[in-house]
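J.: here is my input, please return the structure:
(one chain, ligands or ions: 1)
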Amino acid sequence: MLYGKLDERRAETAALLARVLRDETTGTPQAVSERDAAAQMYSEQLATLSAVEQGLCFGRLDLDPDRPPPPPVDGDPDAIEGLDQDVLYVGRLGLLDDQHDYEPLLVDWRAPAARPYYTATAASPDGVRRRRHIRSRSRRVTAVDDEILDLDEAAAAAAARGTQRTGLTGEAVLLAALSAGRTGRMGDIVATIQGEQDRVIRSSANGVVVVEGGPGTGKTAVALHRAAYLLYTHRRQLARRGVLVVGPNPTFLRYIEQVLPSLGETSVLLSTVGELYPGLAAHRAEAPAAAALKGHLEMGKMLATAVRDRQELPHRPIRLVVDGEPVVVDRDVVAQARTRARRTRRPHNDAKRTFVREVVDQLARREVDRVSRDVDGSTTLLDRADLADVRAGLRADPDLRAVLDELWPTLTPPQLLADLWTDQRRLRAATRGWSDADRDLLARSGGVPDDLLDGAWWSPADAVLLDEVAELLGEDDTAAREAEERKREADEAYAAGVLEILAMEEDWDPELLRPTDVVDASVLADRTREATYASAAERAADDRTWTFGHVIVDEAQELSPMAWRVLMRRCPSRSMTLVGDVAQTGARGGASSWAEVLSPYVKARWRREVLTVNYRTPAEIMAVAADVLAAIDPGATPPESVREAGESPRAVATDERGLVEAAVEQARRARAAVVDVEGAGRVAVLAPGSRVDALAAALGVAAGPTGAADAPGDPAVDLASEVVVCEVADAKGLEFDAVVVADPQGVVDVSPRGLNDLYVALTRATRALVVVHPGALPGVLGRLQPS
Ligand SMILES: Nc1ncnc2c1ncn2[C@@H]1O[C@H](COP(=O)(O)OP(=O)(O)OP(=O)(O)O)[C@@H](O)[C@H]1O
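T.: I've put the predicted structure just below:
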């Protein structure tokens, strides 16, 4: 019945969309843009309706008819939904019965009425007597699991089954979901969200929430479901400004990108920090020390100095002839104008107007003085109008303009930064007092690239600095404005041509108005113009100054202080969800404490939520990882695994020569064990960057991004591949059925933070872990069984 309703809704929406698209685009510009907005809305609705096909309905709540009424919920569009029904079905979206007073047939998982589905327990049943988990595949129900929350009945049922309650919601369904083969893409967890996760997902949108938790506790899943929940609950505020989700690398974004559409959301922009600067996908790999230095707050001051350094004084007086009169641009004139322009405290490109005006003004005054003196030594000879004339002459003079452009050039952020990295003199001028070693970390050999937005030339840390430079320079929208103007002229010329042809029509009835009587070229150009419509996410991607309604940062521990500055600029409301685990920090410039990261922006005003249960890593593997965690931070508590794999993680000893062969052998065995006939099941070989190519070649698969500088091509790991070979940083946030860690000591040696990357590597597996070690096994892995 529900699928029937879904089909009906799809057909209706498709028909509405078709009708809107068939509409002629004539009419007022407003009508055109309303039509486009409607088309966009129906397309989005259709996308949502298709995304909920799998597992449309996954739960049923049988409620106690005598339950107390639930507390009112602010700002919720569906707060009333299902309040007086005793049986509710919960699913991926809400469906109403239009035949029967719009009774809810299916309650959206994000609606308040659905909440007890995730939070009710036997101890606190929230009016729920029975919770039913419904599993389905392609519109067929494949399994049903009931949980009786009515205490008396529950005890009787548990006694009958001889089972113990574990505190997990829908344990059977959860365990089935957790032990399914991985597909290389993250899926949604709406059917099995657990109580502690639900609390975070539905916590207030206001302020900064930090969600901490060890590996596999569902931080990523929770962050994405929170985005969906917030958009549902605060649709009006958030859909317009959009939600930004920041992830650590392009591979990770690809891994999670399907989760959100399947939750039914399109107002979300997924981005790495390296992609936030519009038009740039920065992916140049660089030394960790260079990335850390670029992430330091000191860079803000350094860049401000670099910008000031572009506001130059002439070394010697520059002599020009303007309107037949000699003009001298000397140091004094420029210095004074520069001081005035700097005093405006406006960004460089904006302040240029003041600079030019001041230089022209001074030169004009000098000119007037000189001419007056030439005549009879009196200053009254030339009046105000003459002064204005002289000014205008100077302002229009191309030679003077060229000189001023040299002294105070209009700059784009990539231009300034590329010049800085490649010009030793400029770099030295901006980094007085720095060590040569630090300066060398920034310097680039070779020239400035032809394409200044070439992603292979810039590192993600550079992209962050570009944003900072953009703030210092101010937007230079001259090019955009000129392009817009040219387009407008072309449109008008075309419209004028159309009107001319119509006007030539000879047998036009004189009683009727001619088109040219009611419309001119400019109006016609407006009407025929294609309105550009885009979702909030699309508009935000093209606009560096866009501010989002909510910002979610995953693997937030990796961000540098400079990157935080960029993100805080994008979210002045400070409505943010930050998800991370400082024990997994890999970047040298990353976070060691949340208080340190946040205090410059929100002081102590942030909330902390902790997730404690590990859904990914089986207990046997987590025990090994826990030893590594204890070595990183003796005070940290490892998350508790929900299940055991029934298989112990192993260590395979080899030597340097045998490493590739042994790792390949283990990867092949793992693949045979975990990849099923339908192609589900994934294996990762995680190794130090320098070993990735050799391992990938021996396995006959593509290597993940190896960290080689200027590596061409796709910066992401191929997630469709059954076996992935990459370094640990690229596996951050991902998971695989089986993981082979090749050369654990090597992983530790090349990591900026020592053991953290090894901890990340060990906790990527959902089923099996093998560590292949040339030479001695690192002491922290002593618990591994040799094989
Ligand atoms: N309630 C749940 N129901 C089903 N699966 C879940 C649930 N919570 C988490 N998972 C699964 O557990 C795995 C780990 O989740 P996730 O990647 O969100 O963890 P994480 O805390 O971000 O891990 P890491 O810090 O290692 O990146 C995923 O496969 C996720 O789908």
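J.: just for the stretch 151-300 of the chain, where's the confidence low?
T.: 151-167, 261-266 (pLDDT under 70).
J.: over to the spatially closest residue to residue 649 that is not a sequence neighbour. Which of the three states is it?
T.: Using C-beta to C-beta, 6 or more residues apart in numbering and skipping residues adjacent in sequence, the residue nearest residue 649 is residue 769, 3.8 Å away. Glycine gets a C-beta too; all of them are placed from N, C-alpha and C. Of the three states, residue 769 takes strand according to DSSP: H, G, I helix; E, B strand; the rest coil.
J.: residues in contact with residue 769?
T.: Shown in contact with residue 769 (C-beta atoms under 8 Å, 6 or more residues apart in numbering): 621, 624, 649-650, 738-739, 741, 762.
J.: among those residues, which ones are in helices?
T.: 621, 624, 762 (DSSP state H).
J.: so which of those is the most crowded?
T.: Most neighbours among the ones in helices among the contacts of residue 769, by other C-beta atoms under 10 Å: residue 762, with 30 neighbours.
J.: and that residue, how far from residue 667?
T.: According to C-beta to C-beta, to the nearest Å, residue 762 stands 16 Å off from residue 667.
J.: now residue 246: which helix or strand?
T.: strand 243-247 (DSSP states H and E).
J.: residue 252 now?
T.: Counting by DSSP H and E, residue 252 is found in helix 250-256.
J.: quick one: which of the ones in helices among the contacts of residue 769 is nearest the ligand?
T.: residue 762 (10.5 Å; C-beta to the nearest ligand atom).
J.: wait, the closest one touches residue 623, no?
T.: No - the pair residue 762 / residue 623 is not scored as a contact, 10.3 Å apart, by C-beta atoms under 8 Å.
J.: among the contacts of residue 769, which pair sits farthest apart?
T.: 624 and 738 (14.5 Å; C-beta to C-beta).
J.: which one of the residues in the stretch 301-450 of the chain is closest to the ligand?
T.: In the stretch 301-450 of the chain, the residue that lies nearest the ligand is residue 441 (29.2 Å; C-beta to the nearest ligand atom).
J.: now the stretch 451-600 of the chain
T.: Closest point on the stretch 451-600 of the chain to the ligand, by C-beta to the nearest ligand atom, is residue 581, at 5.1 Å.
J.: how about the residues of this structure near the ligand?
T.: 174, 177-178, 186, 189, 192-194, 197, 213, 215-221, 581, 584, 615-616, 733, 735, 763 (C-beta under 6 Å from any ligand atom).
J.: any chance of a PyMOL selection covering the buried ones in those?
T.: Paste this into PyMOL to select the buried members of the residues of the chain next to the ligand, with burial taken from 16 or more other C-beta atoms under 10 Å:
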select buried, resi 174+178+186+189+192+193+194+197+213+215+216+217+218+219+220+221+581+584+615+616+733+735+763
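J.: what angle separates the helix or strand hosting residue 226 from strand 243-247?
T.: Assessed by DSSP H and E, residue 226 sits inside helix 219-233. Helix 219-233 runs at 170 degrees relative to strand 243-247, counting by axes from the mean of the first three to the mean of the last three C-alpha atoms, to 10 degrees.
J.: helices and strands around helix 219-233, which ones?
T.: helix 195-201, strand 208-213, helix 235-241, strand 243-247, helix 259-263, strand 550-553, strand 576-580 (3 or more C-beta pairs under 8 Å, 6 or more residues apart in numbering; DSSP states H and E).
J.: for residue 135, which residues are in contact?
T.: Taking C-beta under 8 Å, 6+ apart as the test, what residue 135 contacts is 55, 58, 141-145, 173, 176, 191.
J.: closest point of the stretch 551-700 of the chain to the ligand, which residue?
T.: Nearest residue of the stretch 551-700 of the chain to the ligand (C-beta to the nearest ligand atom) works out as residue 615 at 3.5 Å.
J.: equivalent analysis for the stretch 1-150 of the chain, please.
T.: residue 118 (8.8 Å).
J.: so how far is the one helix or strand that residue maps to off the chain centroid?
T.: Assigned by DSSP H and E, residue 118 belongs to helix 115-119. The chain centre lies 29 Å from the centre of helix 115-119; the measure is C-alpha atoms, centre = their mean, to the nearest Å.
J.: partners of the helix or strand just after that helix in the sheet?
T.: For helix 115-119, the succeeding helix or strand toward the C-terminus, using DSSP H and E, is strand 128-137. If you go by DSSP bridges, strand 128-137 pairs up with strand 57-63 (antiparallel), strand 140-148 (antiparallel).
J.: what sits against the nearest residue to the residue of the stretch 301-450 of the chain closest to the ligand once chain neighbours are set aside?
T.: Distances taken as C-beta to C-beta, 6+ apart place residue 290 nearest to residue 441, at 4.3 Å, with adjacent residues excluded. Applying C-beta under 8 Å, 6+ apart, we find residue 290 in contact with 441-442, 459, 461.
J.: helices - which of these land there?
T.: Those of those mapping onto helices are 441-442, 461, per DSSP H.
J.: who does residue 320 bridge with?
T.: Beta-bridge partners, per DSSP bridges, of residue 320: residue 327.
J.: quick revisit: where among the strands paired with strand 128-137 is average confidence lowest?
T.: Among the strands paired with strand 128-137, strand 140-148 carries the lowest mean pLDDT, a mean of 87.
J.: and that strand, what's buried?
T.: Applying 16+ other C-beta under 10 Å to strand 140-148 flags 147-148 as buried.
J.: could you export that strand as PDB, CA atoms only?
T.: What follows is strand 140-148, C-alpha atoms only, in PDB (Å, rounded to 0.1, in the frame of the first residue of the first chain):
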ATOM      1  CA  ARG A 140       9.300  -7.400  -0.300                       C
ATOM      2  CA  VAL A 141       9.400  -7.800   3.500                       C
ATOM      3  CA  THR A 142      12.300 -10.200   4.200                       C
ATOM      4  CA  ALA A 143      12.300 -10.200   8.000                       C
ATOM      5  CA  VAL A 144      10.500  -8.800  11.000                       C
ATOM      6  CA  ASP A 145      12.000  -8.400  14.500                       C
ATOM      7  CA  ASP A 146       9.900  -7.300  17.500                       C
ATOM      8  CA  GLU A 147      11.000  -5.700  20.700                       C
ATOM      9  CA  ILE A 148       8.500  -5.800  23.500                       C
END
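J.: hmm, the residue of the stretch 1-150 of the chain closest to the ligand is touching residue 191, no?
T.: No - taking contacts as C-beta under 8 Å, residue 118 lies outside contact range of residue 191: 10.0 Å.
J.: what's the single longest helix in this structure?
T.: The chain, longest helix under DSSP H: helix 348-376.
J.: what packs against the helix or strand just after that one?
T.: Moving toward the C-terminus from helix 348-376, the next helix or strand (DSSP H and E) is helix 384-396. When contacts are defined as 3+ C-beta pairs under 8 Å, 6+ apart, helix 384-396 sits against helix 348-376.
J.: the helix it packs on packs against which elements?
T.: Where contact means 3+ C-beta pairs under 8 Å, 6+ apart, helix 348-376 is packed against strand 325-329, helix 331-343, helix 384-396, helix 398-407, helix 460-473.
J.: and the pLDDT for residue 421?
T.: Reported pLDDT for residue 421: 97.
J.: if you could redo that for residue 507, that was the one I meant.
T.: 58.
J.: do you know the pLDDT at the residue of the stretch 301-450 of the chain closest to the ligand?
T.: Residue 441 is given a pLDDT of 96.
J.: and for residue 270, the neighbour number?
T.: Quick note: residue 270 (other C-beta under 10 Å) scores 24 neighbours.
J.: neighbours of residue 787, just the number please.
T.: Residue 787: 11 neighbours (other C-beta under 10 Å).
J.: can you tell me the closest non-neighbouring residue to residue 783?
T.: Using C-beta to C-beta, 6+ apart, the closest residue to residue 783 is residue 624 (5.1 Å).
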